[in-house]
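J.: show me the folded form of this:
(2 chains)
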Amino acid sequence: MTPDHHRSNVSLARRAWAIRHNAVRMGQVQGQGYIGQALGVADVLAASYFHALSYRPDDPEWEGRDRFLLSIGHYAIALYAAMIEAGILPEQELETYGTDDSRLPMSGMASYTPGMEITGGSLGHGLGIAVGMALGLKRKDNPAFVYNLLSDGELGEGSTWEAVQSATQWKLDNLIAIVDVNDQQADGKPSDALMQMPEAPRWEAFGWFAQEVDGNDIDAVVAALDAARHHPGPQPRVVICRTTMCKGVPFLEEREITHFVRVEEDEWDRALAILDEGKPA
Amino acid sequence: MSLGPNSRRTPKNVARSAPPKGGARTSAMIASLDAEGRATKPAPFGHALAELAQTRDDIVGLSADLSKYTDLHVFAKAHPDKFYQMGMAEQVLISAAAGLAKEGFTPFATTYAVFAARRAYDFIAMAIAEDNLPVKICCALPGLTTGYGPSHQSTEDIAIMRGMPGLTVLDPCDATEIDQATRAIADHPGPVYMRLLRGQVPDVLGEYGYRFKLGKAQMIRDGGDVLFVSTGLMTMRALDAAARLQKDGVEAGVLHVPTIKPLDEDTIAEACGKTGRLVVTAENHSINGGLGEAVAGTLMRRGLRPAFAQVALPDEWLDAGALPTLHDQYGLSVDAVVKRVKGLL
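T.: Numbers count the residues shown, from 1 in each chain, chains lettered A, B, ... in the order given. I've put the predicted structure just below:
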């Protein structure tokens, strides 16, 4: 089945733009947020939600959907932005981001938000849950895929590697991990701590079908996700996406990048204006 | 570099003198839980789950390399297609169980209590309990049921599991109860942590006509002088102690509390509020944060002030050794319980 969004004539570049725009507007509501990550991962989410994934916007629990698990709870701002663009969440809720009684909390939780498959935030959980869901789908002969978006920082968690080994053991060819590598975690660079550069050989050594791409090159991400879905081997798949924090807003890209990017009050409108200037057709 | 005083800490075994030649009585390998001649049943958890799975396709079993030692191997042999050997990896054991539950299955995840409670706690919390998933975490070697020492002795699991919102916590007493509780938790819609006795498990409660009810404390025998409020294997000990005390003219009741969370506060308060009897909680767990403190909290909140004592393990890293010796040493044996109660009367 081809969902409607796959037949849309809206370009993926435009989808990525809308994700960035939605995310900046949410950041503006709170005066803060993980906007650096959201801008960086927008192209990956555009390729995921508007090319690779099957889902029904009006029925987020549709049994046939591909499951998209967000490990990194603080990336919720990015996923909300994508789900708003996808029509899973209404656009007007964007203004409630992080406020009391909102369905869009700062850290993503399954019990709060339609379309949010898991509660992330305690890092290193998503891939293990993905293993269980992939096993469950196989038990049900359900051909859907399980995607897990995790971060390079999570590669430091031992539990991630338990899940990596388990996915290989169970030949989970219905599991696609997407690793956002922006080389930034709370205290500095994961590559100075527990990440490898390049990262793909480590996954290959564990038996995964691994690809490493420029995560801000939509065509490259699309091609990698297609290859991941159609790879004939019986192994789990990983697409390692190198991304640039704050991508698309040059004055933020140039700022000394940290895990939590500070944005001054007057800079939100400036960021939106820059995005508007570059709005794709 | 100067190291602090802890760098000079003397290991326990250095502080001890060597045992006398020929003086070792029993072995750490002896895991016998109960009196000689007591009826037992083999692997009640494994058999109950295997039987349940004959009619329920949603039930799956997972183990982290301990199926043989949690009795899950009985299930695995009967239903190899429903069994997942997850390897020596407790974090993915628990997260994968969560994932299977999200896809509509009812996973029973097994390991030792120490490994679930200590190593996989964050995963039980965030992957399972916060999402209210129907995963049943069933764990062998609760409290002091092995002589291997602290690496295997789960003396604080109930305390930390009680702290987790939404989690049902069970400590069944014997083979009859493990059989019935396994079936009951399979029907329960939420997450459960259940302690398991494994292998040849004593069978005690059947003779009292007992039927397990999830969330209910039940009076197994009544008595006006002392009331044991007990859970897990300590209910067996309390029943034996009550019989011994009766011979000495002391009437002791036994209120069995297999569900530690949610606690059946009404039944406990009613039983403890009666007459002037001494309340003695009894549990195979640290004195901190287990049944005893839960009962004490209930009584305080309800304005009840009976004479009160706790039979529980001390707040210590326990010794290695043979179980009968250790149960005497730490106050869990029938002899020790009887002596303790007599001293309090």
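J.: okay, CA-based contacts and neighbour counts for the rest of this
T.: OK.
J.: look up the closest residue to A:E91, ignoring the ones flanking it.
T.: A:I84 (5.5 Å; Cα to Cα, 6 or more residues apart in numbering or on different chains).
J.: for B:H327, that is, sorry about that
T.: Closest residue to B:H327 apart from its sequence neighbours, by Cα to Cα, 6+ apart: B:S333 at 5.0 Å.
J.: which residues touch stretch B:69-87?
T.: A:166, B:43-47, B:49-50, B:53, B:59-65, B:67, B:92-93, B:110-112, B:139-140, B:196, B:198-199 (Cα atoms under 8 Å, 6 or more residues apart in numbering or on different chains).
J.: any idea how far the residue of chain A found nearest chain B is from B:V92?
T.: The minimum distance from chain A to chain B, using Cα to the nearest Cα, falls at A:G132 (3.6 Å). To B:V92, A:G132 is 8 Å away according to Cα to Cα, to the nearest Å.
J.: what do you get for A:P198?
T.: 25 Å.
J.: same check on A:V24?
T.: 35 Å.
J.: which of the two has more neighbours?
T.: In this view A:V24 and B:V92 are compared by other Cα atoms under 10 Å in any protein chain shown, and B:V92 has more residues nearby, 35 against 27.
J.: so what strands line up beside the helix or strand where B:Y84 lies?
T.: Element membership of B:Y84, judged by DSSP states H and E, is strand B:83-85. Strands that pair with strand B:83-85, judged by DSSP bridges, come out as strand B:59-63 (parallel).
J.: residues contacting the strand it pairs with, please?
T.: If you take Cα under 8 Å, 6+ apart as the criterion, strand B:59-63 is touched by B:52-53, B:72, B:75-76, B:82-87, B:93, B:97, B:105-111.
J.: any idea how many residues pack against B:L205?
T.: 19.
J.: contact partners for the nearest residue to B:L313 once chain neighbours are set aside?
T.: Spatial nearest neighbour of B:L313, excluding adjacent residues (Cα to Cα, 6+ apart): B:S286 at 4.4 Å. B:S286 sits next to B:143, B:155-156, B:312-315 when contact means Cα under 8 Å, 6+ apart.
J.: try B:V92
T.: By Cα under 8 Å, 6+ apart, B:V92 lies in contact with A:128-129, A:159, A:162-163, A:166, B:86.
J.: those residues in strands, which ones?
T.: Assignment to strands by DSSP state E places none of the contacts of B:V92 there.
J.: so which of those residues sit within helices?
T.: In this view, those that belong to helices under DSSP state H are A:128-129, A:159, A:162-163, A:166.
J.: part of a helix, is A:E212?
T.: No - counting by DSSP: H, G, I helix; E, B strand; the rest coil, one finds A:E212 to be strand, located in no helix.
J.: what about residue 165, how many residues nearby?
T.: If you meant another chain, say so; for now it's chain A. Neighbour count for A:Q165, taken as other Cα under 10 Å: 21.
J.: wait, chain B was what I had in mind.
T.: B:P165 has 12 nearby residues by other Cα under 10 Å.
J.: do I have it right that it meets B:D131?
T.: No - using Cα atoms under 8 Å, B:P165 makes no contact with B:D131, being 10.7 Å away.
J.: longest strand of chain B?
T.: Max-length strand for chain B by DSSP E is strand B:278-286.
J.: partners of that strand, with directions?
T.: Take DSSP bridges as the rule and strand B:278-286 pairs in its sheet with strand B:226-230 (parallel), strand B:308-313 (parallel).
J.: apart from its chain neighbours, what residue comes closest to A:L123?
T.: Using Cα to Cα, 6+ apart, the nearest residue to A:L123 is A:E154, at 5.8 Å.
J.: chain center to the longest strand of chain B, what's the gap?
T.: Offset of strand B:278-286 from its chain centre (Cα atoms, centre = their mean, to the nearest Å): 12 Å.
J.: next one: stretch B:132-150
T.: For stretch B:132-150, the distance to the chain centre is 7 Å (Cα atoms, centre = their mean).
J.: would it count as contacting chain A?
T.: No - judged by Cα under 8 Å from any Cα of the partner chain, stretch B:132-150 stays clear of chain A, getting no closer than 9.4 Å.
J.: do me a favour and get the end-to-end distance for that stretch?
T.: 31 Å.
J.: strands along the chain, start to end?
T.: You didn't say which chain, so I picked chain A. Counting by DSSP E, chain A has strands at residues A:67-70, A:146-151, A:175-181, A:209-214, A:237-242.
J.: wait, I meant chain B there
T.: B:40-42, B:59-63, B:83-85, B:106-112, B:136-140, B:168-170, B:192-196, B:200-202, B:218-221, B:226-230, B:252-256, B:259-261, B:278-286, B:308-313.
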